[in-house]
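Enquirer: Starting from these lines, generate the structure:
(chains A, B, C and D)
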Number of protein chains: 2
Amino acid sequence: MTTAKDDPVSVRISRALAERIIAGAIEPGTRLRQDHIAEEFGASHVPVREAFRLLEAQGLVVSEPRRGVRVAGFSLEEVREVAEMRAALEVLALRQAGPHLTKAILAEAEAISKAGDKASDVQAWEEANRAFHRLIISPCGMPRLLKTIDDLHSASARFLFSGWRAEWEAPTDRDHMAILAALRGGEIETAASVLARHVRWSGQEPGNRR
Amino acid sequence: MTTAKDDPVSVRISRALAERIIAGAIEPGTRLRQDHIAEEFGASHVPVREAFRLLEAQGLVVSEPRRGVRVAGFSLEEVREVAEMRAALEVLALRQAGPHLTKAILAEAEAISKAGDKASDVQAWEEANRAFHRLIISPCGMPRLLKTIDDLHSASARFLFSGWRAEWEAPTDRDHMAILAALRGGEIETAASVLARHVRWSGQEPGNRR
DNA sequence: ATAACACAGATTATCTATAATTTCTCGCAA
DNA sequence: TTGCGAGAAATTATAGATAATCTGTGTTAT
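Expert: Numbering: from 1, shown residues only, chains lettered A, B, ... in the order given. A predicted model of the protein is given here:
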């Protein structure tokens, strides 16, 4: 995938752990013990510590001083918090990106969204969803904003995987299409408000969604 | 101050460096060499590396793999970006905090703002300003949001110190008072829109401000 | 007899010291 | 002036030592 082979061991470890945490392979609250992880990755504990700091910055683990790190738990309040933050920031990004959106970008976004509708599992759908959101806000030219949104998206994904694990069917993303339609018509504010509602809604409990 | 004596060396180093960078004591673009810093703090370079990661998460330094870290530069676009993000997020926080704001909190906020107006130097004013903003949004009950805003505030402060270093006079903060008045009247949306404009304005070039 | 407290062993995080790979710089030649 | 190469410096990773925390067991008091 995106595995650059020659970047520091710490970020490689960080990525591997992030994937597991997001996918729900490690229970929230689990203590991550650096010696064990170091042994698993055939490394020493110093790069592992650095990986922990990276994960902490993404909000995937919490560090208790002198007591190690644990996989961050996510209560319903936290999920709502992340959804609200995403809504606020993605709206900002979309407003700035609006004028720079080309027909080609919108066409690609539509293709991605349709591919997502045909996804057979949650993971594929989430990947498409993430790509869609990322694509339409990328031209905003605000790197810090994009990185923050990315981290928030990871947190959202955790929630998604935890709730829809067992049975799941690909929902057709009407919202995505509505957003694209508004953007094509140059109605950026309309697109932004649909996006805000869409993102906030994604932070609801699975049972309360449809 | 807030110097907990017994927290890890890495965070102590991180805090010290953060202060210097924010205050403008280190020029943007300067390379931070871990050996030198380790020697200065009487530590080894491993905790220094961890401190670097913390600073990187706050956006105060940028890390080029295998080439060390440099103090992050801030162009006008980046400053504007930070201001826009702060505006979006502080508005969100204020909306959530609104219902939980007590008369006592608002009174304290007013006192802080007035103290800021009488500040004799930029640093004191900035401290008061930060405290004011933090105080009125704290009751939102969203820790992740508050932390993100805090980091953005640090970036803003860098800009402030770099621009107003030479001559400076304390501006009377009418906006703060307007926000408090609106909050006292229960008009949260009014307060939010004033706050948004206030924060966005703070991201303007010093020359274009008054 | 049960529960609370305390001590000891073991585990784990944190830090120092040392080695190896990579990048940068300076000098020299074409 | 440009390109190559060797030496130097700095980052990255490893191994070992230190200090703090957690757990389990035994003792004491109620």
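Enquirer: rest of the way, CA atoms for contacts and neighbours
Expert: Noted.
Enquirer: packing partners for the lowest-mean-pLDDT helix or strand in chain A?
Expert: Here the helix or strand of chain A ranked lowest by mean pLDDT, DSSP states H and E is helix A:34-40, holding a mean of 85. Judged by 3 or more Cα pairs under 8 Å, 6 or more residues apart in numbering or on different chains; DSSP states H and E, helix A:34-40 is in contact with helix A:45-57.
Enquirer: before we move on, the earlier item: output the least confident helix or strand of chain A in PDB with nothing but the alpha carbons.
Expert: The C-alpha trace of helix A:34-40 is given here as PDB (Å, rounded to 0.1, in the frame of the first residue of the first chain):
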ATOM      1  CA  GLN A  34       6.400  -1.400  24.900                       C
ATOM      2  CA  ASP A  35       8.600  -4.400  25.400                       C
ATOM      3  CA  HIS A  36       6.100  -6.700  23.900                       C
ATOM      4  CA  ILE A  37       5.600  -4.500  20.900                       C
ATOM      5  CA  ALA A  38       9.300  -4.000  20.500                       C
ATOM      6  CA  GLU A  39       9.800  -7.700  20.500                       C
ATOM      7  CA  GLU A  40       7.000  -8.200  18.000                       C
END
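Enquirer: That helix and DNA strand C, any residue contact?
Expert: Yes - against DNA strand C, helix A:34-40 shows contacts by Cα under 7 Å from any atom of the strand at A:34, A:35.
Enquirer: Show me which residues of chain A sit near DNA strand D.
Expert: Counting by Cα under 7 Å from any atom of the strand, chain A sits next to DNA strand D at A:7, A:8, A:9, A:10, A:42, A:43, A:44, A:45, A:46, A:47, A:66, A:67.
Enquirer: Could I have the buried ones of those as PyMOL selection syntax?
Expert: A single PyMOL command selects the buried members of the residues of chain A next to DNA strand D (16 or more other Cα atoms under 10 Å in any protein chain shown):
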select buried, chain A and resi 9+10+44+45+46+47
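Enquirer: Keep only the residues of chain A next to DNA strand D that also lie close to chain B.
Expert: Intersecting the residues of chain A next to DNA strand D with the contacts of chain B gives A:7, A:8, A:46, A:66 (criterion: Cα under 8 Å from any Cα of the partner chain).
Enquirer: pLDDT-wise, what's the bottom of those?
Expert: Ranked by pLDDT, those bottom out at residue A:7 (74).
Enquirer: Isn't that residue up against residue B:64?
Expert: No - using Cα atoms under 8 Å, residue A:7 is not in contact with residue B:64, being 10.5 Å away.
Enquirer: got the ones next to chain B among the residues of chain A next to DNA strand D as a markdown table, with secondary structure columns?
Expert: Listed next are those as a markdown table, based on DSSP: H, G, I helix; E, B strand; the rest coil:
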| residue | secondary structure |
| --- | --- |
| A:7 | coil |
| A:8 | coil |
| A:46 | helix |
| A:66 | coil |
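Enquirer: Quick check: which of those are also close to DNA strand C?
Expert: Contacts with DNA strand C are made by A:46, A:66 out of those, judged by Cα under 7 Å from any atom of the strand.
Enquirer: Would you check how far apart the residue at minimal distance from the centre of chain A and DNA strand C are?
Expert: Geometric centre of chain A, nearest residue: residue A:153, 2.2 Å, by Cα atoms, centre = their mean. Going from residue A:153 to DNA strand C by Cα to the nearest atom of the strand, to the nearest Å gives 27 Å.
Enquirer: Next, the contact list for that residue, please.
Expert: A:86, A:130 (Cα atoms under 8 Å, 6 or more residues apart in numbering or on different chains).
Enquirer: where's it, which helix or strand?
Expert: Counting by DSSP states H and E, the element that carries residue A:153 is helix A:143-163.
Enquirer: what does the following helix or strand past that helix contact?
Expert: With elements assigned by DSSP H and E, the helix or strand that comes after helix A:143-163 is helix A:174-184. Here helix A:174-184 makes contact (Cα under 8 Å, 6+ apart) with A:98, A:103, A:106, A:110, A:113, A:188, A:190, A:191, A:192, A:194, A:195, A:198.
Enquirer: quick one: residue A:108 from residue A:133, how far?
Expert: 12 Å (Cα to Cα, to the nearest Å).
Enquirer: okay, those two: which has more neighbours?
Expert: Using other Cα atoms under 10 Å in any protein chain shown, the more surrounded residue of residue A:108 and residue A:133 is residue A:133, with 20 against 14.
Enquirer: now for the helix or strand that the more buried one is a member of, which elements pack on it?
Expert: Per DSSP H and E, residue A:133 falls inside helix A:122-137. Counting contacts by 3+ Cα pairs under 8 Å, 6+ apart, helix A:122-137 packs against helix A:76-97, helix A:103-117, helix A:143-163.
Enquirer: tell me which residues of the last one are tucked away?
Expert: Yep, that's helix A:143-163 we're talking about. Buried-residue list, helix A:143-163, by 16+ other Cα under 10 Å: A:145-146, A:148-161.
Enquirer: sorry, back to before: residue B:124: which of the ones next to chain B among the residues of chain A next to DNA strand D is nearest?
Expert: When those are compared for distance to residue B:124 (Cα to Cα), residue A:66 wins out at 33.6 Å.
Enquirer: measure that closest one to residue B:8 for me?
Expert: 8 Å.
Enquirer: Check residue A:52 too.
Expert: 14 Å.
Enquirer: any weak-confidence spans in chain A?
Expert: Counting by pLDDT under 70, chain A shows low-confidence ranges at A:1-6, A:163-170, A:172, A:205-210.
Enquirer: DNA strand C contacts on that one?
Expert: So chain A meets DNA strand C at A:31-35, A:45-46, A:49, A:64-69 (Cα under 7 Å from any atom of the strand).
Enquirer: can you pick the most crowded of those?
Expert: Ranked by neighbours (other Cα under 10 Å), those are led by residue A:49, which has 24 neighbours.
Enquirer: so it touches residue A:36, yeah?
Expert: No - between residue A:49 and residue A:36 there is no contact under Cα under 8 Å: 12.0 Å.
Enquirer: Enumerate the residues of chain A near chain B.
Expert: Contact residues (Cα under 8 Å from any Cα) of chain A with chain B: A:7-8, A:46, A:49-50, A:53-54, A:57, A:65-66, A:78, A:81, A:84-85, A:88-89, A:92, A:142, A:144-145.
Enquirer: try 7 Å
Expert: A:50, A:53, A:57, A:65, A:81, A:85, A:88, A:89, A:142 (Cα under 7 Å from any Cα of the partner chain).
Enquirer: Check the residues you listed and tell me the two furthest apart.
Expert: So, these by Cα to Cα: farthest apart are A:65 and A:142, at 33.4 Å.
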